[in-house]
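In: just to be clear, the model below is a prediction. Sequence and coordinates:
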Amino acid sequence: MASSQDIPDEEMRKLIITNTTVGDEQLMALARDRGNGMQNFLIGKGKLPPERLFLKGGDIYKAPAKKGNGKRVSSAPMSNEV
């Protein structure tokens, strides 16, 4: 039986990628950890005020809820012609 040291690096890489599964929970945890890390870096080393930074949670692909009554106001000049 061959040990993992006998398998060439490229073949080992392919085997690892093929046999590794990552779920949504793990991806969300990774994203949250990266976001927290960046936020801490920007506050600490970047000297940005914390109130200017936020972390987006939830489904980033979901469209935001519409605000207001849905009516638009046009800023185009109105014609006086009837």
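Out: Thanks, I have it. Numbers count the residues shown, from 1 in each chain.
In: can we go C-alpha only for contacts and neighbour counts from here?
Out: Will do.
In: name the helix or strand for the residue positioned nearest the centre of the chain, please.
Out: Computing the C-alpha centroid of the chain and ranking residues by Cα atoms, centre = their mean puts Ala31 first, at 6.1 Å. Here Ala31 sits within helix 24-44, counting by DSSP states H and E.
In: in that helix, what's buried?
Out: 35, 39-40, 43 (16 or more other Cα atoms under 10 Å).
In: avg pLDDT for that helix?
Out: The pLDDT scores in helix 24-44 average 94.
In: ok, stretch 47-66 next?
Out: 84.
In: begin at 21, not 1, for the rest of this chat.
Out: OK, 21 is where the count begins now, so the last one is stretch 67-86.
In: buried set for that stretch?
Out: Within stretch 67-86, judged by 16+ other Cα under 10 Å, no residue is buried.
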